[in-house]
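In: Fold the following for me, if possible:
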Amino acid sequence: MRTDQFDFNEEFWPRLLGYLSIGFLYLIFMESHAPQGVKWAAYHGQRIFNAVEYLRLHGYFSNYGYSVWTSCVNCDLTAKILSEKIYLSSSAMKLWPYILLNEWGGKASLFSYGHLIDKFVIGATSILLSELTLAETNLRDRLSRFWLGCAVSMLFLTAPWTYKMMIAAWADIWFAFFLIIAFYALLSGKVLSSSVFYFMACVMHYQWGLVTGAAIFFLSLLATKFSEDHLFGKFIPKFPRKTLGATAAFAISLIPAIQEILLRAYVRTQLANTDGSSLIWRIGVSGEDMHNGGILGALQFLGGIRITNCFRNPDGMLSALSLDAKISLFNCGLTVAGFAIISLVSIFGLNLFFRFHTKVGPFFFITAVGLLVFVSFLQQSLSVHLLGYSYIFSLLFSAGVVGFFEIFYFKSRSNAISMTLLTPIVFAICILSIHISMLEKVTQ
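Out: Modelled structure (predicted):
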């Protein structure tokens, strides 16, 4: 594949204008019509402020860079009870953009501009994702490429998992952002730059880094063992020296993971009390796992929201509901079920995507393996949180839909027919995604 496919040529700038227009229009619309708007959810903004303000008051290297993680409003951050509840899942290293905002402009600046940082990262990821899908597309005409790029951008930005990150972002947005840049650099033969960006991704989210690094390493090891070198470049990133490159990627992912694990273990020996859930609790085998919904619970995110969001009066009898309440309940159920079906269909579409996008396929395959690992092992954690880990599915979801677009184009062999029939489908999915997001009830 030619590396100039990723250059900012004259075709890119009209697409960039399209991407930016889609993003701004979506944000304006959701701010005006979505019950939760597009700014930080109240609990999330307060948590961020409490975390960075605590560090500012006590020193950024106090408690080894760890802070509190509470949504209490106007609470005394010097109180002893808070100092005894240091949260070990978010260090100052992962909060640095918000630390700078709070340091320079205080609480007002943090609440005014903090959410814009998250939206910039998500928006940049949508642009990179859209351009990545165009690298090997069968659509060669400039207009059709513009259409496909904008379609991917719309699908990604309007996805409910993306919306959740807009109002309550996790470190997953930074991991995806740096990971996709690292993959771009690798495709362009810039191995050192790729390694640096991959290391940055792993620092921002060591769990994703460890899982993706292990997936790359063990897949390459097994491919070599079974003489399946054809997997390199199609499902495994095309490193200059295959297994050696995969080993290096794994080693890079190990550094932040080992540092984080050892530091947390040491901090626990130094502090009397710390906050945060254990690994066995997140897996759901602690012995007290009322939130563990098993595999189905971990896959709830496929519906976009919990089905319980549809129940306005869960304590009442169905027969006691008004006609309007019954209609609302029925249609909400249809919405969640319909979106879950589309999500499952998009997973099947990933197979078609790999057929047409063999060079960029490894990015989506490795992230899909990573998500599969989290769904398989962290069953209680994903049952509790429909946001966070599921953000990566926004990328996979968009790619899966593109896979169906490609096969449709391949069968019809007509740009005119493809764009005419697929445009309403794109809008239908995006409208459904927006509707799902509007049904969201934000909780802590």
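In: going forward, measure contacts and count neighbours with C-alpha atoms only.
Out: OK.
In: And the longest helix along the chain, what's buried?
Out: The residue-count maximum for a helix in the chain (DSSP state H) belongs to helix 96-133. Neighbour-count burial for helix 96-133, counted by 16 or more other Cα atoms under 10 Å, picks out 98-99, 101-102, 107, 110-111, 114-116, 118-119, 121-123, 125-133.
In: repeat for stretch 415-429
Out: Those buried within stretch 415-429 under the rule 16+ other Cα under 10 Å are 418-419, 422, 426, 429.
In: hmm, back to that, output the contacting helices and strands for the longest helix of the chain.
Out: Applying 3 or more Cα pairs under 8 Å, 6 or more residues apart in numbering; DSSP states H and E, one finds that helix 96-133 contacts helix 12-33, helix 42-58, helix 142-158, helix 160-167, helix 172-187.
In: Give the next helix or strand downstream of the lowest-mean-pLDDT helix or strand in the chain.
Out: Each helix and strand of the chain was given a mean pLDDT (mean pLDDT, DSSP states H and E); the minimum falls on helix 80-83 at a mean of 74. Note on helix 80-83: by DSSP states H and E, the next helix or strand toward the C-terminus is strand 86-91.
In: Each with direction, which strands does that next one pair with?
Out: strand 66-67 (antiparallel), strand 274-275 (parallel) (DSSP bridges).
In: and among those, the most buried is which?
Out: Compared across the strands paired with strand 86-91, strand 66-67 shows the largest average neighbour count, a mean of 28 (mean count of other Cα atoms under 10 Å).
In: Can you tell me what sits against it?
Out: 51-52, 54-55, 86-88, 90-92 (Cα atoms under 8 Å, 6 or more residues apart in numbering).
In: if we can go back for a sec, output the buried residues of stretch 415-429 as CSV; include the columns secondary structure and pLDDT.
Out: Converted to CSV, these look like this (DSSP: H, G, I helix; E, B strand; the rest coil; pLDDT from 0 to 100):
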residue, secondary structure, pLDDT
Ser418, helix, 89
Met419, helix, 91
Leu422, helix, 95
Val426, helix, 97
Ile429, helix, 98
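In: Now the least confident helix or strand of the chain - C-alpha only, PDB.
Out: Provided in PDB are the C-alpha atoms of helix 80-83 (Å, rounded to 0.1, in the frame of the first residue of the first chain):
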ATOM      1  CA  LYS A  80      -9.000  13.400  56.900                       C
ATOM      2  CA  ILE A  81     -11.800  11.100  55.700                       C
ATOM      3  CA  LEU A  82     -11.000  12.000  52.100                       C
ATOM      4  CA  SER A  83      -7.200  11.600  52.600                       C
END
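In: buried ones in that helix?
Out: For helix 80-83, a neighbour-count test (16+ other Cα under 10 Å) marks 82-83 as buried.
In: contact partners of that helix?
Out: Residues from elsewhere that reach helix 80-83 (Cα under 8 Å, 6+ apart): 68, 77.
In: if we go to 7 Å?
Out: Val68 (Cα atoms under 7 Å, 6 or more residues apart in numbering).
In: now it: how far from the chain's centre is it?
Out: Computed by Cα atoms, centre = their mean, to the nearest Å, the chain-centroid distance of helix 80-83 equals 32 Å.
In: Please apply the same query to stretch 396-414.
Out: Relative to its chain's centre, stretch 396-414 lies at 22 Å (Cα atoms, centre = their mean).
In: same deal with stretch 131-142?
Out: The answer for stretch 131-142 is 23 Å, by Cα atoms, centre = their mean.
In: Straight-line length of that stretch, end to end?
Out: End-to-end distance for stretch 131-142: 13 Å, by Cα to Cα, to the nearest Å.
In: Can you say which of the helices and strands packed on helix 96-133 is packed in most?
Out: Of the helices and strands packed on helix 96-133, helix 160-167 is the most buried (mean count of other Cα under 10 Å), at a mean of 26.
In: which helices and strands does it pack with?
Out: Under the contact criterion of 3 or more Cα pairs under 7 Å, 6 or more residues apart in numbering; DSSP states H and E, helix 160-167 touches helix 391-412, helix 415-438.
In: separation between Leu192 and Leu129?
Out: Look at Leu192 and Leu129: by Cα to Cα, they are 22 Å apart.
In: no, scratch that, I was asking about Thr420
Out: 23 Å.
In: Repeat that for Trp13.
Out: 15 Å.
In: Share the number of residues neighbouring Ala79, please.
Out: Ala79 has 9 neighbouring residues, counting by other Cα atoms under 10 Å.
In: from the buried residues of stretch 415-429, which is closest to Met154?
Out: Sorting those by distance to Met154 puts Val426 at the head of the list, at 8.1 Å, by Cα to Cα.
In: Quick one: residues contacting the closest one.
Out: Neighbouring residues of Val426 by Cα under 7 Å, 6+ apart: Ala151.
In: Over to the one 5 residues further on?
Out: For Ile431, no residue counts as a contact, taking Cα under 7 Å, 6+ apart as the criterion.
In: For the spatially most central residue of the chain, which non-adjacent residue is spatially closest?
Out: Residue closest to the average C-alpha location in the chain (Cα atoms, centre = their mean): Tyr391, at 2.4 Å. In space, not counting the residues next to it along the chain, Tyr391 is nearest to Trp161; the distance is 5.1 Å by Cα to Cα, 6 or more residues apart in numbering.
In: Likewise for Tyr113?
Out: Leaving aside its sequence neighbours, Tyr113 sits nearest to Leu101 (Cα to Cα, 6+ apart; 7.8 Å).
In: can you check Leu302 too?
Out: Per Cα to Cα, 6+ apart, closest to Leu302 is Ala340, 5.0 Å.
In: isn't there a helix covering that neighbour?
Out: Yes - the assignment for Ala340 by DSSP: H, G, I helix; E, B strand; the rest coil puts it in a helix.
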